[in-house]
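Trainee: this one's sequence-less:
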C-alpha cells in the first residue's frame, strides 16, 4: 500500500529532534510521499533544503493567511524571486488562501492571495488552498483569475455542494482527521458522497489530531488511520482507496509515479 500525505508541516519544531526517525516511522506505515507546504518567508529555505535532501519529500512555496501582517504584501516580491529561482523543485504554490477566523486584516489576505493565484498561473503550478469560512470568496477569486491549474483544497470541512464547486475548477478535496470524529456529520457525509476520484488524503501534522489522540502532535504515520476511517465510511477495502488516492495526489501535483 502506497500513501501520499498531501499536507504535512513536517518542518515544524516538534519533528526536528530526530527528523530521520520520524520520516522512517511514516515510511513504515506506507507513507511514501509527503507534501510540505510553506507558511511564509520563515521556512522557504528550510523546505527547499528538505525536499532536496530526502526522496519522497515535496514542497510548495507560499504565504499562509494566518501568518500575514501589515507588510506581508511587500514580501511577495521575495516569494516571486524564490519561485523563479527554484521552479524546477516546486510542485505547487501554497499554502495560501483566506481565513475568516484569524485576526489578520482581510484586505491584506485578499491582496496576498490574489497575487499568489496570479503567480501560480504564470508558472502553471497548482495551488494548495486554505479556506476557513471563506469558500464562496475563494471560489469567486479563482474564477475571477480564470485559474485552470487545479491543486488541493486542504482540510476541507463543508457541504457536498461546496466541495463540488472546487472539484469543477480542477481541485482535489483534502480529507484528514476531521472524519475520525463522529460529531463531524456534515463533513463525513460529504466525504461519503464525493467521487473517490476527487479525494486526496492528508494529516496536517502536527495539527488536526485524530479522534482518540487529542492533545498529542499529529504525525504523517497517522495517515493510515485516516485511510481506515475513510474505508469504513465508504464500505470499501483500504487497498482500493489507497491506490486511487495515491494516483489522485500525484495527478494533483503533476508528479510522475
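Mentor: Sure, I can see it. Everything numeric in this text was worked out from a predicted model, so none of it was measured.
Trainee: Which elements pack onto the worst-scoring helix or strand of the chain on mean pLDDT?
Mentor: Scoring the helices and strands of the chain by mean pLDDT, DSSP states H and E places helix 72-86 at the bottom, with a mean of 92. Counting by 3 or more CB pairs under 8 Å, 6 or more residues apart in numbering; DSSP states H and E, the packing neighbours recorded for helix 72-86 are helix 44-53, strand 57-61, helix 106-123. Placement of C-beta: from N, CA and C, glycine included.
Trainee: Go again with 7 Å.
Mentor: The elements that helix 72-86 packs onto, with contact taken as 3 or more CB pairs under 7 Å, 6 or more residues apart in numbering; DSSP states H and E, are strand 57-61, helix 106-123.
Trainee: of all those, which lies closest to residue 20?
Mentor: strand 57-61 (11.6 Å; CB to CB).
Trainee: Can you list the strands that the closest one pairs with?
Mentor: Taking DSSP bridges as the criterion, strand 57-61 pairs within the sheet with strand 31-37 (parallel), strand 92-99 (parallel).
Trainee: Redo those as CSV? Include mean pLDDT.
Mentor: CSV is the format used below for those (pLDDT from 0 to 100):
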stretch, mean pLDDT
strand 31-37, 98
strand 92-99, 98
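Trainee: Dump those strands into TSV; add distance to residue 186 and mean neighbour count as well.
Mentor: Shown next, in TSV, are the strands paired with strand 57-61 (distance: least, CB to CB, whole Å; neighbours: other CB atoms under 10 Å):
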stretch	distance to residue 186	mean neighbour count
strand 31-37	25	24
strand 92-99	19	28
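Trainee: which one of these lies closest to residue 203?
Mentor: strand 31-37 (8.7 Å).
Trainee: got the angle between the closest one and helix 44-53?
Mentor: Here strand 31-37 runs at an angle of 160 degrees relative to helix 44-53 (axes from the mean of the first three to the mean of the last three CA atoms, to 10 degrees).
Trainee: which outside residues touch strand 31-37?
Mentor: 2-11, 26, 47, 50, 56-60, 62, 91, 94-95, 128, 220-221, 223, 253 (CB atoms under 7 Å, 6 or more residues apart in numbering).
Trainee: Is it possible to mark the buried ones in these?
Mentor: The neighbour-count test (16 or more other CB atoms under 10 Å) marks 3-11, 26, 47, 50, 57-60, 62, 91, 94-95, 128, 220-221, 223, 253 as buried among the contacts of strand 31-37.
Trainee: host element of the residue lying closest to residue 180 once chain neighbours are set aside?
Mentor: The shortest distance from residue 180 to any non-neighbouring residue, by CB to CB, 6 or more residues apart in numbering, is to residue 211 (4.0 Å). Assigned by DSSP states H and E, residue 211 belongs to neither a helix nor a strand.
Trainee: All the helices of this protein, residue numbers only.
Mentor: For the chain, the helices defined by DSSP state H occupy 19-28, 44-53, 72-86, 106-123, 135-144, 160-168, 185-193, 223-234, 238-252.
Trainee: Using JSON lines, lay out the ones you listed together with distance to residue 35.
Mentor: Output for the helices of the chain, formatted as JSON lines (distance: least, CB to CB, whole Å):
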{"stretch": "helix 19-28", "distance to residue 35": "12"}
{"stretch": "helix 44-53", "distance to residue 35": "10"}
{"stretch": "helix 72-86", "distance to residue 35": "15"}
{"stretch": "helix 106-123", "distance to residue 35": "15"}
{"stretch": "helix 135-144", "distance to residue 35": "19"}
{"stretch": "helix 160-168", "distance to residue 35": "17"}
{"stretch": "helix 185-193", "distance to residue 35": "20"}
{"stretch": "helix 223-234", "distance to residue 35": "12"}
{"stretch": "helix 238-252", "distance to residue 35": "8"}
